[in-house]
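1. how would this look folded up:
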Amino acid sequence: MPQYVQLITYFLSFALGIVSFAACINSLVKRNHDFKQAENLAAGLGVDLHLSSSDLDDPSYALAAGAGIVAGFSLLLLISQIICPKKQLKGALVLLPIILLVGTLLVFGSAITVLRQARTGHLAIFASLHGFALPKDVIQEQAASLGLSLRYWDRSYVRFMAIAPWPLLPFALVASFFAFTESRPQSTSHTDTPVENGAGQVEGGATSDWPEKTSSETVV
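-> Prediction:
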């Protein structure tokens, strides 16, 4: 396999891992901003509003961790290929393919959950007025008046987070394959051991520079 193919694969795995990691962090930050803004607006109306998206947050954290692992270790593999392209991975670098594969599997598992929750999930919402819980119909009306949609998929940053890891997965898998290939020990060739036959001659070894004795030579 040409070296430039591995370099391109490691680079794309690193770049797309950064994109997926950034999408997760962006989604979590904007979610907190939207929640705080909605709760402040509700408080101005005398409503105690509490929002929760834990069913989407937990797999989002896992997705961010997996994408960060893939990005970080793809970068290490890229650097190792540039610095020592002809040497096989040694020492701690042998762990890189295993950790990269674990990160890839974490991205795959959490991406499925994130996509499913983003497509079908809703915010968990609780509101009370002067200590009395409000009915769900009233809560939904209040949320609509505040411009707050309860569906995850209605938020662009959630859609971006749910879609971002899928272009990453094929490059992360190929990068893991290349890394395992590089970490395997290469077979070394051994020189045949010279074997002496019954006539006292050496077979399979190196030829001698000394002339062979003939039968006419007298041994003193």
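2. I'd like to know the average pLDDT value across the longest helix belonging to the chain.
-> Identified as the longest helix of the chain according to DSSP state H is helix 3-44. Per-residue pLDDT over helix 3-44 has a mean of 90.
3. For it, which helices and strands make contact with it?
-> Where contact means 3 or more CB pairs under 8 Å, 6 or more residues apart in numbering; DSSP states H and E, helix 3-44 is packed against strand 47-52, helix 54-83, helix 156-163, helix 165-183. In this view, the C-beta of every residue, glycine as well, is placed from N, C-alpha and C.
4. comparing the ones you listed, which gets the lowest mean pLDDT score?
-> Lowest mean pLDDT within the helices and strands packed on helix 3-44: strand 47-52, a mean of 79.
5. can you put the helices and strands packed on helix 3-44 in JSON lines and add mean neighbour count?
-> Listed next are the helices and strands packed on helix 3-44 as JSON lines, based on neighbours: other CB atoms under 10 Å:
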{"stretch": "strand 47-52", "mean neighbour count": "17"}
{"stretch": "helix 54-83", "mean neighbour count": "20"}
{"stretch": "helix 156-163", "mean neighbour count": "19"}
{"stretch": "helix 165-183", "mean neighbour count": "20"}
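6. Give me the distance between the longest helix of the chain and the centre of its chain.
-> The chain centroid and the centroid of helix 3-44 are separated by 14 Å under CA atoms, centre = their mean, to the nearest Å.
7. Now do that helix against helix 165-183, angle only.
-> Relative orientation of helix 3-44 and helix 165-183, computed by axes from the mean of the first three to the mean of the last three CA atoms, to 10 degrees: 140 degrees.
8. ok so, going back, adding distance to Cys24, write the helices and strands packed on helix 3-44 out as TSV.
-> Converted to TSV, the helices and strands packed on helix 3-44 look like this (distance: least, CB to CB, whole Å):
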stretch	distance to Cys24
strand 47-52	18
helix 54-83	4
helix 156-163	6
helix 165-183	9
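9. Please name whichever of these is nearest to Ala111.
-> Between Ala111 and those, the shortest gap by CB to CB is with helix 165-183, which sits at 4.1 Å.
10. Export that closest one to PDB, keeping only CA atoms.
-> Written as PDB, here are the backbone C-alpha positions of helix 165-183 (Å, rounded to 0.1, in the frame of the first residue of the first chain):
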ATOM      1  CA  PRO A 165     -19.800  11.100  13.000                       C
ATOM      2  CA  TRP A 166     -21.000   9.100  10.000                       C
ATOM      3  CA  PRO A 167     -18.500  10.400   7.500                       C
ATOM      4  CA  LEU A 168     -15.800   9.800  10.100                       C
ATOM      5  CA  LEU A 169     -16.500   6.100  10.600                       C
ATOM      6  CA  PRO A 170     -15.200   4.600   7.300                       C
ATOM      7  CA  PHE A 171     -11.900   6.600   7.500                       C
ATOM      8  CA  ALA A 172     -11.500   5.600  11.200                       C
ATOM      9  CA  LEU A 173     -12.000   1.900  10.400                       C
ATOM     10  CA  VAL A 174      -9.500   2.000   7.500                       C
ATOM     11  CA  ALA A 175      -7.000   3.900   9.700                       C
ATOM     12  CA  SER A 176      -7.300   1.200  12.300                       C
ATOM     13  CA  PHE A 177      -6.700  -1.400   9.700                       C
ATOM     14  CA  PHE A 178      -3.600   0.400   8.400                       C
ATOM     15  CA  ALA A 179      -2.300   0.900  12.000                       C
ATOM     16  CA  PHE A 180      -2.700  -2.900  12.800                       C
ATOM     17  CA  THR A 181      -0.900  -3.700   9.600                       C
ATOM     18  CA  GLU A 182       2.000  -1.400  10.500                       C
ATOM     19  CA  SER A 183       2.200  -2.800  14.000                       C
END
